[in-house]
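>>> Here is a sequence together with a model predicted from it:
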Amino acid sequence: MSCDAIAFSAMLWMASASPTAVAAAPAVAVAAPAPVAGEPLFMDIVKRADALKGQVDGWKGQDGALPGFDVFSRQIGELSALDMQAHLLLAKRGTDGDLKCILRGISQDLPVRLKEVETAADQRARDMALKEMFWLLRDNVEVITTPAKTTSGT
């Protein structure tokens, strides 16, 4: 399965998951991948994404120019490059997990979301683009920091 398909599937799963959801099929035992959240590269990604998420949150509903947007744009580019670097590192390790593909997808989506913020036709469109950027940055933190879970058969 391609990374794009896995990233899309993960996005749909994250969007539809709820604490009350019931599994339609019995779970299969799967070994959890080794956690990477404590590795320097991944810690840097989490730190940067969390800081940028806070900046985006502060801009919601703000009219006019966004203060510090030029620096923010550069930092989004750097984060995108780090996400791709993490993807390539996991691929080099032979990791066959969703994280590798999700990081690639986030790397590709960050510049798209940034462009949406830059080119928004009006305040409503910009607020929606900022909201989407916020969720993408939040996902960037959560996919790294959420411990992998194993499932067992029933």
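Structure's in. What do you need? Numbering: from 1, shown residues only.
>>> Can you spell out which helices and strands pack onto whichever strand or helix holds Leu82?
Per DSSP states H and E: Leu82 is located in helix 69-92. Other elements packing on helix 69-92 under the criterion 3 or more C-beta pairs under 8 Å, 6 or more residues apart in numbering; DSSP states H and E are helix 40-59, helix 98-119. C-beta: built from backbone N, CA, C; applies to glycine.
>>> mind checking how far it is from the chain centre?
In terms of C-alpha atoms, centre = their mean, to the nearest Å, the centre of helix 69-92 is found 11 Å from the chain centre.
>>> buried residues in that helix?
Counting neighbours by 16 or more other C-beta atoms under 10 Å, one finds that the buried residues in helix 69-92 are 72-73, 75-76, 79-80, 82-84, 86-87, 89-90.
>>> so is Gly94 in a helix, a strand, or just coil?
Using DSSP: H, G, I helix; E, B strand; the rest coil, the structure places Gly94 in coil.
>>> Quick check: it vs Val36, distance?
Separation of Gly94 from Val36 (C-beta to C-beta, to the nearest Å): 14 Å.
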